[in-house]
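>>> predicted coordinates and the sequence they were generated for:
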Amino acid sequence: MASILIVYSTVDGQTLKICGRLQQVIAQQGHQAALVAVDGQPDEVLAKFDKVVIGASIRYGKHRPQVYDFIERNRQALESRPSAFFSVNVVARKPEKNRPETNPYIRQFRKITSWRPREVGVFAGKINYPIYGFRDRQIIRLIMWLTKGPTDPHAVVEFTDWDEVEVFGRRICAM
């Protein structure tokens, strides 16, 4: 039985929801997983785990700087054990951008950091206009209009493919 640390960065909660599902899949496979927010001091517990997964959402075209800071501070620990990374972004709702090789945010991630996790995944996120502030709602609606996505300011649209999340969870267990 492996112990797996899942470090996450979420803005509106979809990445945390995905991490929760990964935790369930990992438990079903007979392993243990703990979730810790990237700003919740995961550095302090990292050494206690056999494997590490980092999940990060995109907002306005970028992963949060705390994700890269965590990776750089813990590079040696990440490289000394099986590790995985996944990105959550609405661009991945498009079939031609829902794989690590084709997703622009995974390509950007690989340019910014030299850390190379064993497994890499990408999942489509969620649009939840009612919870956004006025400014965010308008900016996201504009982005969605430009990319032919949903623009109804009352819409809540979850694009996450939960079957793919489960497949990724099993890949984490097999690392």
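Cool, got the structure.
>>> partners of the lengthiest strand in the chain, with directions?
Secondary structure of the chain per DSSP state E: the longest strand is strand 51-59. Strand 51-59 has its sheet partners listed here by DSSP bridges as strand 3-9 (parallel), strand 62-63 (antiparallel), strand 83-88 (parallel).
>>> tell me the mean pLDDT for the helix or strand that the first one is followed by?
The first helix or strand that comes after strand 3-9 along the chain, using DSSP states H and E, is helix 14-28. Throughout helix 14-28, pLDDT has a mean value of 98.
>>> from Val156, how far out is Ile127?
7 Å (CB to CB, to the nearest Å). C-beta coordinates here come from the backbone N, C-alpha and C atoms, glycine included.
>>> ok, these two, which is more surrounded?
Under the neighbour definition other CB atoms under 10 Å, Ile127 and Val156 were set side by side, and Ile127 has more, 24 against 12.
>>> pLDDT on the helix or strand that contains the more buried one, on average?
Following DSSP H and E, one finds Ile127 within strand 126-128. In this model, strand 126-128 carries a mean pLDDT of 97.
>>> and the next element down the chain from that strand?
Following strand 126-128 in sequence order, the next helix or strand is helix 134-146 (DSSP H and E).
>>> if I look at the closest residue to Val156 other than its chain neighbours, how far off is Lys62?
If the residues on either side of it in the chain are set aside, Val156 comes closest to Asn128, at 4.9 Å by CB to CB, 6 or more residues apart in numbering. Between Asn128 and Lys62 the distance is 19 Å, computed by CB to CB.
>>> try Val53
20 Å.
>>> neighbour-wise, which of these two wins?
Val53 (28 against 15).
>>> touching, Ile26 and Ala174? I think so.
No. Between Ile26 and Ala174 no contact is recorded; they are 11.0 Å apart, counting by CB atoms under 8 Å.
>>> neighbour count winner among these two?
For Ile26 against Ala174, the residue with the higher neighbour count under other CB under 10 Å is Ile26, and the figures read 23 against 10.
>>> quick one: contacts for the more buried one?
Taking CB atoms under 8 Å, 6 or more residues apart in numbering as the contact definition, Ile26 lies against Ile4, Gln32, Ala33, Gly169, Ile172, Cys173.
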